[in-house]
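In: What shape does this take:
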Amino acid sequence: NNQEQVAFLEEEIITLMDDNGRSTVTLSLSQEQQQQPNTLPNSSNNNNDSHDTNFLSSLWKELPPSSILWLNAVAVIWGTQHPVIKMVVEDSDVAAFSLARFGLGAIIASPYTPGLSKLWKQKSDNHENDTQTTTTTTEEDSSNGNRSSTHSFIHAQEDEQIRIAWRWGIEMGLWMFLGYAFQAIGLAFTTAQRSGFLLYLNVKFVPFFARVLLGRQISIPTWISAFAALVGTALLAGGDGSVSPNVGDAWSIAAAAMSAMFILRLESASKAVTDSAQLNAACLWVVATLAFVWSIVVGA
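Out: Predicted coordinates:
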C-alpha cells in the first residue's frame with residue numbers, strides 16, 4: 001500500500017509540473033498528504049510489527065542452543081547412575097550386571113555396527129547379479145570394467161573406514177570397560193555419594209594426563225582451576241566423616257583415571273572416525289565382549 005501511494009504522488013507531481021509548472025508542486029504535495037491522513041499511522045503500525053518480530057528473533061538467538069540443553073539433560077541422567085548402580089550391585093553380581101548393561105546397549109546400537117551395512121549390501125548385490133542374465137557386447141564389457149574399477153576404489157575406502165572405526169572402537173571400548181567396571185566394583189564398598197564425587201576427578205586428571213602422556217602445554221589457569229576442583233572434590237567426598245576411606249574409594253579413583261583417558265583419547269578418535277554412531281557401536285560391542293569374558297572368569 002505504501003508503494004502504491006508513493007507511485008500515485010509521483011504521477012500527480014509530474015502531471016502538475018507539466019500542466020501548471022514548478023510552483024504548484026508543493027501545494028499539490030501538501031494536498032495529497034491531507035487526503036491521506038492514515039498513511040503515517042499505518043506505517044507506524046508496520047514498524048511496530050517489524051520491531052516485535054526483530055525482538056523475538058533476537059531473543060531466540062540469545063537463548064541457549066539445543067546442544068547446551070541436551071548436555072544438561074545428559075548431566076541429569078548421568079547423575080542418577082550412581083545411586084541406581086549402588087542398589088543393583090548390592091543384590092547382584094557386578095560382572096553379570098555389566099554384561100547385561102552393555103550387552104543391551106550393544107544390541108540397541110547394532111544397526112550402526114561398522115561393516116554391517118556393507119555386508120548386507122554385498123549380499124543384496126550378489127543376489128541381484130545371480131538373478132539377472134544378460135548378453136554383453138565389447139562396449140558393454142569395457143563400460144563394466146570401468147564401473148568395476150570405480151566400485152573397487154569405493155570399496156577400498158569403505159574397508160579403510162571400517163578398519164579405522166574398529167581400531168578406535170577397540171581402544172575406546174577398553175577404556176570405557178575399565179572405567180565402568182572399576183566404578184561398579186567401587187560402589188560395592190563405598191557410598192554412591194562418595195563414588196560420584198570421586199569419579200568426577202576425571203576432569204582433573206585430563207590436563208595431568210595430557211601433560212605427562214602427550215606432552216601438551218597446559219596453561220597456569222587450567223592448573224589452578226584443576227587444583228581448586230580437586231580440593232573441593234576432596235572436601236565433598238569426605239562428607240561428615242561418618243564413612244572412613246576404604247578400598248571402594250581407591251576403585252572409584254581408578255575409574256576416574258580410566259574415564260579421563262577415555263576423554264583424552266576421544267578427541268583423536270572423533271577426528272579419525274567420521275561417523276560417531278559407528279564408533280559408539282564398536283565401543284559397546286567391545287565393552288560387552290570384555291564384560292562377557294569377565295563374567296565367565298568370575299563364574300569359574
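In: Quick one: the helices in the stretch 151-300 of the chain, in order.
Out: 192-199, 202-212, 220-238, 247-272, 276-299 (DSSP state H, counting those that start in this stretch).
In: The third one relative to helix 192-199, how many degrees between them?
Out: Translated: helix 220-238. Here helix 220-238 runs at an angle of 160 degrees relative to helix 192-199 (axes from the mean of the first three to the mean of the last three Cα atoms, to 10 degrees).
In: picking up where we left off before, will you turn the helices of the stretch 151-300 of the chain into CSV that also has mean pLDDT and distance to E171?
Out: Heads up, the C-betas are built off the backbone N, CA and C, glycines and all. Compiled in CSV, those are given as follows (pLDDT from 0 to 100; distance: least, Cβ to Cβ, whole Å):
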stretch, mean pLDDT, distance to E171
helix 192-199, 80, 21
helix 202-212, 84, 15
helix 220-238, 77, 25
helix 247-272, 90, 6
helix 276-299, 92, 9
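In: Point out the most buried one among these.
Out: Burial of those is given as mean neighbour count (mean count of other Cβ atoms under 10 Å); helix 192-199 ranks first at a mean of 22.
In: Show me what that helix is packed against.
Out: helix 81-91, helix 138-187, helix 220-238, helix 247-272 (3 or more Cβ pairs under 8 Å, 6 or more residues apart in numbering; DSSP states H and E).
In: Of all those, which one comes closest to V286?
Out: Closest to V286 of those is helix 138-187 (Cβ to Cβ; 2.6 Å).
In: returning to what we had before: any chance of a markdown table for the helices of the stretch 151-300 of the chain, columns distance to S110?
Out: Listed next are the helices of the stretch 151-300 of the chain as a markdown table, based on distance: least, Cβ to Cβ, whole Å:
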| stretch | distance to S110 |
| --- | --- |
| helix 192-199 | 28 |
| helix 202-212 | 28 |
| helix 220-238 | 37 |
| helix 247-272 | 20 |
| helix 276-299 | 7 |
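In: mind checking which of the ones you listed is nearest S98?
Out: Nearest of those (Cβ to Cβ): helix 276-299, 4.2 Å.
In: Compute the inter-axis angle for the closest one and helix 247-272.
Out: 150 degrees.
In: Packing partners of helix 276-299?
Out: helix 94-108, helix 138-187, helix 247-272.
In: now the first one: mean pLDDT?
Out: Averaging pLDDT along helix 94-108 gives 90.
In: Would you mind listing the buried residues in that helix?
Out: By neighbour count on 16 or more other Cβ atoms under 10 Å, the buried set for helix 94-108 is 94-95, 97-103, 105-106.
In: by how many degrees do it and helix 276-299 diverge?
Out: Computed by the same axes, to 10 degrees, the angle between helix 94-108 and helix 276-299 is 150 degrees.
In: list the helices and strands helix 94-108 packs on?
Out: Against helix 94-108 (3+ Cβ pairs under 8 Å, 6+ apart) you get helix 81-91, helix 138-187, helix 276-299.
In: hang on, the earlier thing: could you export the helices and strands packed on helix 276-299 to a markdown table, including columns for distance to P65?
Out: A markdown table is the format used below for the helices and strands packed on helix 276-299 (distance: least, Cβ to Cβ, whole Å):
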| stretch | distance to P65 |
| --- | --- |
| helix 94-108 | 27 |
| helix 138-187 | 26 |
| helix 247-272 | 19 |
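In: Which among these is found nearest to S225?
Out: That would be helix 247-272 among the helices and strands packed on helix 276-299, by Cβ to Cβ, at 15.3 Å.
In: Report the inter-axis angle for that closest one versus helix 81-91.
Out: Using the same axes, to 10 degrees: helix 247-272 against helix 81-91 is 130 degrees.
In: Tell me who's in contact with the residue nearest to F262 when sequence neighbours are not counted.
Out: Counting by Cβ to Cβ, 6 or more residues apart in numbering, the nearest residue to F262 once its immediate chain neighbours are dropped is W175, at 4.0 Å. Contact analysis of W175 by Cβ atoms under 8 Å, 6 or more residues apart in numbering lists 258-259, 261-262, 265.
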